[in-house]
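In: My questions concern the predicted model and sequence given below.
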Amino acid sequence: MGWNEPPENKGQDPWGNRGRGEGPPDLDDIVRKMQEGFSGIFGRKTSAPKKERKGFPFSWLIVVIVLVLLLLVDITYLVDQQERGVVLRFGRYEKTLQPGLNFVLPSLIDRVITVNVGQVRSITHKASMLTQDENIVDVEVAVQWRINEPADFIFNVKDPALTLRQVTESAVRAVIGQSQLDYVLTEGRSEIAQQQQELMQKILVDDYQSGILIVTVEMQPAKPPEDVKAAFDDAIKAREDEQRLVNEAEAYRNDILPRARGAAARVREEANAYKASVIAKSEGDAARFDQLLTEYEQAPEITRKRLYLESIESVMSGTNKVLLDAEGGNSLMYLPLDKLMQPRTSSSMSLPRDRSSDSAGSQSVNDIAERVGNRARGVR
């Protein structure tokens, strides 16, 4: 309709709007226009005149585009690297979204719960517990954990923090109750913490299916209650003294045993050497006796005399005294060769010497020596 053409219906402007003074717009007319707009978008034809459908498709296209964009925003879900998205469809678990861009149904149908699986959480538990040998000890345990299965964590456990605390206390009491006090206070701390972690993981995964992963369990040094701390200190001091004495005894053992083994080996070697020498000497004496026996059988008198002289020579070789038996006399002459062979002292060198006496003494010694030689040769 042009500007100069009169309107078909009085009271309307060229766009089909009523005048200001004509009252509110007709509701039927608005509904009809909306139907025509939707029909034009989806390709449907209406029986209305072509002139009345002009101008509506573009505005409604914008509306539809906006609705589509809103729908895309609603069904698109972005999950961070450390998170997982649990999808609930009409309140029931459907799937778990991985990190990245994901698509779900509209929010009226699907609901996404984001769970942080990369965050490491921690709890601390302190308690007084009874050991296997019926002693009370104060224990402090720090547990670090994170979410491993988001769906199990959301649906299977009502209060994860409370459940984890109760499981921690149960595992610590079970392990401490099976250990001796000395083991808990000294070298068993790391092994006890490892046993606690394994037991807690078994309960949380196998029994509860809680979706919780125990990262580490750290056990602080156990200590006795304050009421009995003095007695425990005395017991620890006695244990340290015992260990010190044991170490000293081991050090003494390590020092004395090698020396004793060395002395025993030396005695054995000396005994073996003595045994070998005695055997060799006995064998040599037996061989020499056999040879003497042969000689004795050939010349008994000569062999007997030779054996006698050799025996006398062997006996008298270490003495410095000589006894002379004068033949046909009753006196036994003693010759002190040890005195004669001694060097002259300074006192004797200072006294005046008589050359005649010296020569006489020398002559008497020479005579004695000559007589001894003649007697040995059988000359009178």
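Out: That came through fine.

In: list the contacts for residue 177?
Out: Shown in contact with residue 177 (Cβ atoms under 8 Å, 6 or more residues apart in numbering): 129-132. No exception for glycine: its C-beta is placed from N, CA and C like everyone else's.

In: just the residues you listed now: which is nearest residue 217?
Out: Using Cβ to Cβ, residue 129 comes nearest to residue 217 of the contacts of residue 177, at 15.1 Å.

In: how close does the nearest residue to residue 102 once chain neighbours are set aside get to residue 211?
Out: Distances taken as Cβ to Cβ, 6 or more residues apart in numbering put residue 77 closest to residue 102, at 4.8 Å, once the chain neighbours are dropped. Separation of residue 77 from residue 211 (Cβ to Cβ, to the nearest Å): 21 Å.

In: Of those two, give the one with the bigger neighbour count.
Out: Taking other Cβ atoms under 10 Å, residue 77 and residue 211 do not tie; residue 211 has more neighbours (22 against 18).

In: okay but the more buried one is in contact with residue 163, surely?
Out: No: Residue 211 is beyond contact range of residue 163, at 11.0 Å (criterion: Cβ atoms under 8 Å).

In: Between these two, which contacts overlap?
Out: Common neighbours of residue 211 and residue 163 (Cβ under 8 Å, 6+ apart) are residue 157.

In: Tabulate the contacts of residue 177 in a markdown table, adding columns for secondary structure and pLDDT.
Out: Below are the contacts of residue 177 laid out as a markdown table (DSSP: H, G, I helix; E, B strand; the rest coil; pLDDT from 0 to 100):
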| residue | secondary structure | pLDDT |
| --- | --- | --- |
| 129 | strand | 86 |
| 130 | strand | 86 |
| 131 | coil | 87 |
| 132 | coil | 87 |
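
In: Now restrict these to buried residues only.
Out: Those of these that meet the buried threshold are 129, 131, by 16 or more other Cβ atoms under 10 Å.

In: and the closest residue to residue 97 other than its chain neighbours, which of the three is it?
Out: Excluding its sequence neighbours, the residue lying closest to residue 97 (Cβ to Cβ, 6+ apart) is residue 85, at 3.3 Å. With DSSP: H, G, I helix; E, B strand; the rest coil as the basis, residue 85 sits in strand.

In: Nice, that's everything, thank you.
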